[in-house]
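Participant: okay, sequence plus prediction incoming.
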There are 2 protein chains.
Amino acid sequence: MAVSRRIKDTRGSIRDLARTRERILKAGLAEFSARGLAGARTETIARRARVNKRMLFYCFGSKQGLYAEVLRRKIADKAEVIASTPEDLGAALKYWTQIGCGDVDWVRMHEWEALGPAAGPMVARTERRRLFQSVHERLRRSQIAGEVARGVNLDQLFLSVIALTAFPAAFPQMTRLVTGMGPDDPRFRRAHTKFLGWLGAQMAAPRRRSRR
Amino acid sequence: MAVSRRIKDTRGSIRDLARTRERILKAGLAEFSARGLAGARTETIARRARVNKRMLFYCFGSKQGLYAEVLRRKIADKAEVIASTPEDLGAALKYWTQIGCGDVDWVRMHEWEALGPAAGPMVARTERRRLFQSVHERLRRSQIAGEVARGVNLDQLFLSVIALTAFPAAFPQMTRLVTGMGPDDPRFRRAHTKFLGWLGAQMAAPRRRSRR
DNA sequence: AAGAGTATTAACCAGGCAGTTAATTGTAGC
DNA sequence: GCTACAATTAACTGCCTGGTTAATACTCTT
């Protein structure tokens, strides 16, 4: 009895490589986001995943290998979600902010990457380029439609949107120092959203029509 | 001959603790900026400072001790410079950008701090609070003078200025990915400055008077 | 010029950690 | 059942690195 219920049965069975991989990836994301590639401890990842440490190397070869895979996964996820951006510019910006810069792990992974040594070529460079390319084209359409002032550098605009929305998650201590509130504090969130709304209105104003 | 030319002669002499300290601090800043507290190697710092590793512990007790002192120094330097901000708002913003966010080490130290575990109380918290407080008051004066639109949250404004200006240094890989240029590229610098100028003009416009 | 204390050094050590070895156990195909 | 292989495990290893020990060299005071 109970023969060959393997390979797709990811619940009750003892041995299941796919499940093990998944667990390690999840634990890896948490650990890498928290401590970065160098700071992450394979032992800790394994414990979090409730898996023997050896499995990490069995599945991903090395700590770096796991790191790369975790990153690639995250990027793939984001690409999927980005693709379904709403058409209205304001809604699109809010959407990007939420799914992009609202994801603390995502922000922190980029932060670790920025600080780490730029050894070798960037992980998943082309995928990311495609990701940003699609956003750029989306903005261009908005500009042609007149939703964004003519003559504005769209790359700079995009960069600024990221900068403004990601900053609190990227520099929580600065946020706390300046405003007295953590980036998760609802009061901060409200003030931040309100300010960005105002700023967006100012930016959008193409000619002599300004809000208020 | 040649007696007691000690203590202030920081150039030719073999033994000079003050000079040694200075060297270690300088090397420490470089190393901590590059690799963070955990990633920094005391051996590397010592080599960069052309000093025996033991001197690091002799002078600062521990790696952490050195780190704290390096940070305190940087903050003190910034406080000194911030105090002499020009009166014109536009000039002030440009000034802050240059001396604040133009200093890659300064930005990176904050980045490492943001990512690291918030163990214990923040280093030099009060000094930094004072620093930002002075900026806040400076902005309030500008607002009262009508240079900043009424009703704008000054903390949020300040945070945004930091975010916008520090972003390229904080996330060089993102900058390169979006614009195709590194944050040091003169062409990027020009485009960035131009964009920020435009944005600043949009923000400053208090009523129905807008640029262009 | 001798004593005293300070700056400097080489050599060392203990702990932590990525990655490995080699043995074991579960599973699929026959 | 048996074989062959895939998944899992405990124990181990070599390296790196913060911090220490203990000895040495310099310089100031008297």
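Facilitator: On my side now, so go ahead.
Participant: buried stuff in stretch A:117-131?
Facilitator: By neighbour count on 16 or more other CB atoms under 10 Å in any protein chain shown, the buried set for stretch A:117-131 is A:123-124, A:128, A:131. Any C-beta I mention is one placed from the backbone N, CA and C, and that applies to glycine too.
Participant: center of chain A, which residue is that?
Facilitator: In chain A, the residue lying closest to the centroid (CA atoms, centre = their mean) is A:W106, at 2.8 Å.
Participant: got a pLDDT number for that one?
Facilitator: Looking at A:W106, its pLDDT reads 97.
Participant: what do you get for A:G146?
Facilitator: Turning to A:G146, the model gives it a pLDDT of 87.
Participant: next structured bit after the helix or strand of chain A with the lowest mean pLDDT?
Facilitator: When the helices and strands of chain A are scored by mean pLDDT, DSSP states H and E, helix A:89-96 comes last with a mean of 89. Using DSSP states H and E, the helix or strand that follows helix A:89-96 in sequence is helix A:104-115.
Participant: what is the orientation angle of that next one with helix B:104-115?
Facilitator: 150 degrees (axes from the mean of the first three to the mean of the last three CA atoms, to 10 degrees).
Participant: so which elements touch helix A:104-115?
Facilitator: For helix A:104-115, the packing partners by 3 or more CB pairs under 8 Å, 6 or more residues apart in numbering or on different chains; DSSP states H and E come out as helix A:17-39, helix A:63-82, helix A:154-170, helix B:104-115, helix B:172-179.
Participant: and among those, the most buried is which?
Facilitator: Mean neighbour count (mean count of other CB atoms under 10 Å in any protein chain shown) peaks for helix A:154-170 among these, with a mean of 22.
Participant: that one near chain B at all?
Facilitator: Yes: counting by CB under 8 Å from any CB of the partner chain, chain B has neighbours in helix A:154-170: A:155-160, A:162-164, A:166-168, A:170.
Participant: contacting residues around the least confident helix or strand of chain A?
Facilitator: A:82, A:85-86, A:135, A:138, A:142, A:147-148, A:161, A:165, A:200, A:204 (CB atoms under 8 Å, 6 or more residues apart in numbering or on different chains).
Participant: now, of the residues you listed, which are buried?
Facilitator: Buried members of the contacts of helix A:89-96, counted by 16+ other CB under 10 Å: A:82, A:85, A:135, A:138, A:142, A:148, A:161, A:165, A:200, A:204.
Participant: pull out the buried positions in stretch A:39-54.
Facilitator: Neighbour counts over stretch A:39-54 (16+ other CB under 10 Å) mark A:39-40, A:42, A:44-46, A:49, A:51 as buried.
Participant: and which of those residues is nearest DNA strand C?
Facilitator: Ranked by distance to DNA strand C (CB to the nearest atom of the strand), those are led by A:T42 at 3.7 Å.
Participant: how about the contacts made by that closest one?
Facilitator: A:53, A:56-57, A:63.
Participant: sort out for me which of the residues you listed are in helices.
Facilitator: Among these, the members falling in helices (DSSP state H) are A:53, A:56-57, A:63.
Participant: tell me which element A:P117 falls in.
Facilitator: Assigned by DSSP H and E, A:P117 falls outside every helix and strand.
Participant: before we move on, back to that, so which of the buried ones among the contacts of helix A:89-96 sit within helices?
Facilitator: If you go by DSSP H, the buried ones among the contacts of helix A:89-96 have A:82, A:135, A:138, A:142, A:161, A:165, A:200, A:204 in helices.
Participant: quick one: name the residues of chain A near DNA strand D.
Facilitator: Contact residues (CB under 7 Å from any atom of the strand) of chain A with DNA strand D: A:14-17, A:19-20, A:51-55, A:58.
Participant: could you rerun that using 6 Å?
Facilitator: Selection of chain A residues close to DNA strand D by CB under 6 Å from any atom of the strand yields A:15-17, A:20, A:51-52, A:54-55, A:58.
Participant: CSV for those residues, including pLDDT and distance to B:T179?
Facilitator: Shown next, in CSV, are the residues of chain A next to DNA strand D (pLDDT from 0 to 100; distance: CB to CB, whole Å):
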residue, pLDDT, distance to B:T179
A:R15, 84, 48
A:D16, 86, 45
A:L17, 93, 42
A:T20, 96, 41
A:V51, 97, 41
A:N52, 97, 45
A:R54, 97, 43
A:M55, 97, 41
A:Y58, 98, 41
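Participant: let's have those residues in a markdown table, adding distance to B:D184.
Facilitator: Listed next are the residues of chain A next to DNA strand D as a markdown table, based on distance: CB to CB, whole Å:
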| residue | distance to B:D184 |
| --- | --- |
| A:R15 | 52 |
| A:D16 | 49 |
| A:L17 | 45 |
| A:T20 | 44 |
| A:V51 | 43 |
| A:N52 | 46 |
| A:R54 | 44 |
| A:M55 | 43 |
| A:Y58 | 42 |
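Participant: so which of the residues you listed comes closest to A:M174?
Facilitator: A:V51 (36.9 Å; CB to CB).
Participant: backbone torsions only: list them for that closest one.
Facilitator: Per-residue torsions, A:V51: phi -150, psi 150 (degrees, to the nearest 10).
Participant: surely it meets A:L25?
Facilitator: No: at 11.0 Å, A:V51 and A:L25 do not qualify as touching, with contact defined as CB atoms under 8 Å.
Participant: the residues of helix A:154-170 next to chain B: which two are farthest apart?
Facilitator: A:D155 and A:P168 (22.6 Å).
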